[in-house]
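[1] sequence-free structure coming up:
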């Protein structure tokens, strides 16, 4: 009799962890499934504040204008999309620190802006700003 | 130590041997659980098909989990709903409060009007200090 009572006591003292383990496992599986390892990739583009006073360095920045018909203009010349990189590279050779500013007219599409930003980054200038062309 | 006690302890140790000690596994499982809880960022997908522009210099957007989409019609989508431009900053602020590390990503269609993306950038400026990420496809 005494032995049986002792055994019962021992069993009572030990907590059964199995139900907690079940819950913890279910939570673990939930969070593993929910954790999205989705990594967005893209281009970082600055957007300077229009209300801020113009940066004094702005005069030396390389300007690419995108007209409302998606045509590209650099230094008052029409430039093909494929030639933008070479033109930016040429201007960067004169001033390697010059940031690139893309002036976008209202009718232009985002894709062409991304193309120009990509060209600037290919040319080695990662400081690309998106400015509005009010003209 | 009495004889009876010795016999009892040997019986208990036999019982222990037959039962696997789950404590170390539980420790590991808890650490994994905490890791996944901390790292899980609940990304709200915009829920529209976007024809992203391609770029050879595509880089990962660090912590880019607040995603806005601008479709080819110039409509802004967030969390599977079309939203108005005026609401964008409110939603972004709410998401930023939830996960302060989160950064903004704009998925813009190749043919989306540039001025919509511009306005979206401008309206989100008060919430985000780092430059926004324009989502592209690595070519």
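    Arrived safely. Computed from a predicted model, the values in this text were never measured in an experiment. Numbers count the residues shown, from 1 in each chain, chains lettered A, B, ... in the order given.
[2] show me where chain A has helices.
    Taking DSSP state H as the criterion, chain A contains helices spanning A:2-13, A:18-34, A:84-94, A:110-123.
[3] and what of chain B?
    Along chain B, counting by DSSP H, helices occupy B:3-18, B:23-39, B:85-98, B:114-124.
[4] I'd like those helices written out as JSON lines, with mean pLDDT, mean neighbour count and distance to chain A added.
    No exception for glycine: its C-beta is placed from N, CA and C like everyone else's. Shown next, in JSON lines, are those (pLDDT from 0 to 100; neighbours: other CB atoms under 10 Å in any protein chain shown; distance: least, CB to the nearest CB, whole Å):
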{"stretch": "helix B:3-18", "mean pLDDT": "52", "mean neighbour count": "10", "distance to chain A": "7"}
{"stretch": "helix B:23-39", "mean pLDDT": "84", "mean neighbour count": "13", "distance to chain A": "4"}
{"stretch": "helix B:85-98", "mean pLDDT": "88", "mean neighbour count": "15", "distance to chain A": "14"}
{"stretch": "helix B:114-124", "mean pLDDT": "89", "mean neighbour count": "21", "distance to chain A": "4"}
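[5] that older thread, please identify the most buried of the helices of chain A.
    Greatest average neighbour count among those goes to helix A:110-123 (a mean of 24), per mean count of other CB atoms under 10 Å in any protein chain shown.
[6] does that helix reach chain B?
    Yes. Counting by CB under 8 Å from any CB of the partner chain, chain B has neighbours in helix A:110-123: A:110-115, A:117-118, A:121-122.
[7] what sits up against that helix?
    A:43, A:45, A:62, A:64, A:66, A:70, A:72, A:81, A:84-85, A:88-89, A:92, A:100, A:102, A:104, A:126, A:128, A:130, B:53-57, B:70, B:108-114, B:117, B:134, B:136 (CB atoms under 8 Å, 6 or more residues apart in numbering or on different chains).
[8] please apply the same query to stretch A:64-73.
    Under the contact criterion CB under 8 Å, 6+ apart, stretch A:64-73 has outside partners A:74, A:78-81, A:84, A:88, A:100-109, A:112-113, A:116, A:120, A:133, B:114.
[9] just the endpoints, please. Distance across that stretch?
    Its start and end residues considered, stretch A:64-73 measures 6 Å (CA to CA, to the nearest Å).
[10] how about that stretch: buried residues?
    A:64-67, A:70, A:72-73 (16 or more other CB atoms under 10 Å in any protein chain shown).
[11] pick the one among these closest to residue B:66.
    Nearest to residue B:66 among the buried residues of stretch A:64-73, counting by CB to CB, is residue A:66 at 26.7 Å.
[12] okay, and the beta partners of that closest one?
    Counting by DSSP bridges, residue A:66 forms beta bridges with residue A:72, residue A:104.
[13] what does residue B:70 give?
    In beta-bridge terms (that is, DSSP bridges), residue B:70 pairs with residue B:76, residue B:108.
[14] quick one: closest of the helices of chain A to residue B:65.
    Once the helices of chain A are compared by CB to CB, helix A:18-34 is nearest, at 12.8 Å.
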